[in-house]
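Q: Test case, fold it:
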Amino acid sequence: MSEKVRRNPTGAAVLRPQVTSAISAAVLDELAEQGYGRLSMEAVAKRAGTGKSSLYRRWPSKQEMVIAALAEFSVPMGEVPDTGSFAGDLRATLEAVHAWLAHPRFSPILPDLSAEAGRNPALAQAIHTAVGEPRRELGAATLLRAIERGELPTDTDLELALDLIAAPLYWRMNVRRVDLGPGYLDGLVAHLLRALEARPAPERP
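A: You can find the predicted model right below:
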């Protein structure tokens, strides 16, 4: 009996991570240059140095491709370490939000994507589910740590607190378009600590 020829698997079984990473980078670059409305699968494939079939093996539509690239980029940037204090965690959180909003690959995308989401409810919901919710879950974990340490009141409204933490940076950077300037983050931390009624963690016996 002749030996069977072993064939490499095709389709999803041979998706190469390096190709996926190249496509994701190309998606963000195309978004920055062309905007969501003019972005095309053809242009992304050309920029990534691959064929359109590579894109469609991973995502069935432009929207799903864009959302995947945004989530891959944005969600990890919402992770902050446990510094041991809420004041430290809050400063780290603000630095992470600033780095995300100011990132040269992301900052040109945000205004266009926000406008597009305002016209496209399905896109808005997809962004909320894949990017907004995971980032807010990371932020909520920071707040819950502070509550457990006794640094925040047990009845802290997590949803309101998350809005309060992120909103000043978004407003200043993307609506007013004003430079933060020296000392801005320190001042914001101090104001937020007062607004959230934060207090030092009780000393452990």
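
Q: For the rest of this, base every contact and every neighbour count on C-alpha atoms.
A: Noted.

Q: which of the residues in stretch 57-70 are buried?
A: 62, 65, 66, 67, 68, 69, 70 (16 or more other CA atoms under 10 Å).

Q: Could you give the number of residues near residue 48?
A: Using other CA atoms under 10 Å as the criterion, residue 48 is surrounded by 20 other residues.

Q: Hmm, residue 22 and it touching each other?
A: Yes - if you go by CA atoms under 8 Å, residue 48 and residue 22 touch, sitting 5.4 Å apart.

Q: pLDDT below threshold where in this protein?
A: Along the chain, the parts satisfying pLDDT under 70 run over 1-15, 204-205.

Q: Give me the nearest residue to residue 177, chain neighbours excluded.
A: Setting aside the residues directly before and after it, residue 177 is nearest to residue 171 in space (CA to CA, 6 or more residues apart in numbering), at 7.9 Å.

Q: distance of the one you found from residue 184?
A: 13 Å (CA to CA, to the nearest Å).

Q: what residues are shared contacts of these two?
A: Common contacts of residue 171 and residue 184, defined by CA atoms under 8 Å, 6 or more residues apart in numbering, are absent altogether.

Q: hang on, the earlier thing: mind checking which of the buried residues of stretch 57-70 are in strands?
A: With DSSP state E as the criterion, strands contain none of the buried residues of stretch 57-70.

Q: Next, format these as JSON lines and append distance to residue 178.
A: Listed next are these as JSON lines, based on distance: CA to CA, whole Å:
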{"residue": "62", "distance to residue 178": "33"}
{"residue": "65", "distance to residue 178": "32"}
{"residue": "66", "distance to residue 178": "28"}
{"residue": "67", "distance to residue 178": "28"}
{"residue": "68", "distance to residue 178": "30"}
{"residue": "69", "distance to residue 178": "28"}
{"residue": "70", "distance to residue 178": "25"}
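
Q: the helices in this structure, which residues?
A: With helices called from DSSP state H, the chain shows them at 17-38, 41-48, 52-58, 62-74, 86-102, 109-119, 121-127, 133-148, 158-170, 184-195.

Q: Can I get the fifth one as CSV, trimmed to CA atoms?
A: Taking C-alpha atoms only, helix 86-102 is exported to CSV below (Å, rounded to 0.1, in the frame of the first residue of the first chain):
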residue,chain,number,x,y,z
PHE,A,86,-6.0,54.1,44.4
ALA,A,87,-4.1,57.4,43.8
GLY,A,88,-1.3,55.4,42.0
ASP,A,89,-3.8,53.3,40.1
LEU,A,90,-5.7,56.5,39.1
ARG,A,91,-2.6,58.2,37.8
ALA,A,92,-1.6,55.0,35.8
THR,A,93,-5.2,54.9,34.4
LEU,A,94,-5.0,58.5,33.2
GLU,A,95,-1.6,57.9,31.7
ALA,A,96,-3.0,54.9,29.8
VAL,A,97,-6.0,56.8,28.5
HIS,A,98,-3.7,59.7,27.4
ALA,A,99,-1.4,57.3,25.7
TRP,A,100,-4.4,55.7,23.9
LEU,A,101,-6.0,59.0,22.7
ALA,A,102,-2.6,60.5,21.8
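
Q: Right, I'll call it a day here.
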